[in-house]
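Asks: predicted coordinates and the sequence they were generated for:
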Amino acid sequence: MTGEDTNPMLQYILNNPEEFAKNLSEIAENGGKALAAYLEPREKGEAASGGTEELNAVVKTLAEVGNYWMKDPSRAIEAQTKLWSGYMNIWNSTLQRMAGEEREPIVVPTNTDKRFKDSQWDDNNFFDFIKQMYLQTSNWAEELAEGADELDDHTRHKAGFYIKQISNAMSPSNFILTNPELLRETMSSNAGNLVKGMKLLAEDIKAGHGDLRIRQTDPDKFEVGVNVAVTPGKIVEQNDVCQLIQYTPTTETVLKRPLLIVPPWINKYYILDLNKEKSFIRWAVDQGHTVFVVSWINPDETQAQKSFEHYMRDGILNSLERIRKTTQQTTVNAIGYCVGGTLLAATLSYLAKIGEQDRIASATFLTTQVDFTYAGDLKVFVDEEQIEILEHRMGEKGYLDGSKMATAFNMLRSNDLIWPYVVNNYLRGKDPFPFDLLYWNADSTRMPAANHSYYLRNCYQKNALAKGEMELAGQNLDLSDVQIPIYNLATKEDHIAPAKSVFKGCGCFGGPVEYVLSGSGHIAGVVNPPSKEKYQYWTGSKPEGALENWMQDASETPGSWWPHWQKWITSQDDNQVKARKPGARRTKILEDAPGSYVKVRI
């Protein structure tokens, strides 16, 4: 038997003290570089210290939960007893295990929790004890927020979200001395992992101009227009809001109706054109669609006053006019993704109000909310106090930094999108794996102050579009005026546009709605090419009542929803014409796809 077999704790003993001391010196040096990268932009006035308002909001919210439990002594004693009872059960169980008895754990991680996969979390009494104590505490804290029933729903929701973020940050898996895998790697490498990790930390703070920009992939392995966003096409229209891409056909004939895709401006459009194998755009071209895609500008201070109305007029409506001129078709099929879909829905209502509803014959919404009643954890960031803070910050620059929105999205799944990369990059000292989707995720965009403020207030805060109270371009919008056929795709594990929220939005429209639920989440559930044979989708009856009831009778189909959508879209109109090349009918070609707007980085 080896020494490790005899005593598993030997794997945590330092094997080269001299090299360890040398590495400690390098860690301190790289730590100084990280601190300098943080301080330098603040000393120059290029970055704000920031965070005070957000911290105050967290403290204020959690204080309300604490006050609820402390103002009633019996309630407080009950809560404390539950916590300490759990602690004592874990302690007694651990002592019995140390005495050689077989004992089932008192508290275990969920099946989806990836933090405690190393065998030592279960086999080693020390690490098992730490793990169980952590789970007991975090579960108890979350129950405190849920049980504060005298607080309003929004405050409880915020408290639960903040507690989850704190507990995720304090997980023993995030610290060297309490993570067996990290401790093992640190001892075996004599802290060489921390030397590399501190170097990466300094680089990422510098890249974030004083803020930590966690790299989730290797950015040097991708380039827009080279190995992502490579479907051939041309820029056929451009203004100070967007460029319009028309893609080169690959079939001799195409559907008579062109297809206009309106992506979100919160991210860049090429999530739908990641590579040849995962490109919805390329697939749609191969199915015989004349595909046009809006590529939004990455705004700076000059676009500060660009509003929701500007994005409708200069984005969607101007694109429709260019499509009409270059294809001689007065009506299109349209797709809207996420907030791009929300804008598309508002545009449909606007066109109905002014008597031009025939300009869009059918609409497809991909993970789009029009009713924000069940908008999920993003509502945590939207109340009057937080919107005012955000508007004040946007007023200083004229836009919201893309990194702020990216952080908010990552926090929705911090145990998947934040802490694993903190551990991998800065504690294990490993370069992240090259992954095109995460490259796109990090390629964030700014948002104009006027547009973003309007969106937050009218959609998340007031839910004005669903209530028929949104005013846009002089019209009071009512989605029941939208009578065209609608394909409404939700994804089962969506944290941004929850399936329940999308389902409820179906009832806002006045025409027929095909509700389809795809497996996976906000991105993978949409970007799921048939060739991958992954996930599944559900179809069913008219989307009425509760989603849970609809699911009971829904039919599950393995694989991608893309062919189902193609069948639906051609059922509306399958007339064919000769394929249309970019530049037809004297349309001026401005540059090759993907265009220059999408290449602007922050």
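Replies: Received, thanks. Residues are numbered from 1 along each chain as shown.
Asks: how much space separates Gly197 from Glu203?
Replies: 11 Å (Cβ to Cβ, to the nearest Å). No exception for glycine: its C-beta is placed from N, CA and C like everyone else's.
Asks: how about stretch 483-496: buried residues?
Replies: 484-492, 494-496 (16 or more other Cβ atoms under 10 Å).
Asks: show me which of those residues is closest to Glu514.
Replies: Proximity of the buried residues of stretch 483-496 to Glu514 (Cβ to Cβ) peaks at Tyr487, which lies at 4.9 Å.
Asks: make sure that closest one is indeed in a strand.
Replies: Yes: judged by DSSP: H, G, I helix; E, B strand; the rest coil, Tyr487 forms part of a strand.
Asks: just give the number of residues close to the closest residue to it other than its chain neighbours.
Replies: Distances taken as Cβ to Cβ, 6 or more residues apart in numbering place Thr364 nearest to Tyr487, at 4.3 Å, with adjacent residues excluded. When neighbours are counted by other Cβ atoms under 10 Å, Thr364 registers 24.
Asks: report all helices and strands that the helix or strand containing Thr364 contacts.
Replies: Per DSSP states H and E: Thr364 is located in strand 360-366. When contacts are defined as 3 or more Cβ pairs under 8 Å, 6 or more residues apart in numbering; DSSP states H and E, strand 360-366 packs onto strand 332-337, helix 339-353, strand 486-491, helix 562-572.
Asks: wait, which of these is closest to Pro258?
Replies: For the helices and strands packed on strand 360-366, proximity to Pro258 was assessed by Cβ to Cβ; strand 332-337 is nearest, at 4.8 Å.
Asks: who does the closest one pair with, and is each partner parallel or antiparallel?
Replies: Using DSSP bridges, the strands paired with strand 332-337 are strand 259-262 (parallel), strand 360-366 (parallel).
Asks: just these: most buried one?
Replies: strand 259-262 (a mean of 27; mean count of other Cβ atoms under 10 Å).
Asks: got the CA coordinates for it in PDB?
Replies: The C-alpha trace of strand 259-262 is given here as PDB (Å, rounded to 0.1, in the frame of the first residue of the first chain):
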ATOM      1  CA  LEU A 259     -37.300  36.600 -42.900                       C
ATOM      2  CA  LEU A 260     -36.300  39.500 -40.600                       C
ATOM      3  CA  ILE A 261     -34.500  38.600 -37.400                       C
ATOM      4  CA  VAL A 262     -34.500  41.100 -34.500                       C
END
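Asks: contact partners of that strand?
Replies: Under the criterion Cβ atoms under 8 Å, 6 or more residues apart in numbering, residues 269, 272, 281, 284, 289-294, 315-316, 319-320, 323, 332-337, 340-341, 343-344, 360 lie in contact with strand 259-262.
Asks: likewise stretch 102-117?
Replies: So stretch 102-117 is contacted by 86, 89-90, 93, 96-97, 122, 128, 131-132, 135-136, 139, 171, 173, 415-416, 419-420 (Cβ under 8 Å, 6+ apart).
Asks: likewise stretch 16-26?
Replies: So stretch 16-26 is contacted by 14, 190-192, 194-195, 198 (Cβ under 8 Å, 6+ apart).
Asks: now do 7 Å
Replies: Stretch 16-26 has contacts (Cβ atoms under 7 Å, 6 or more residues apart in numbering) with 14, 190-192, 194-195.
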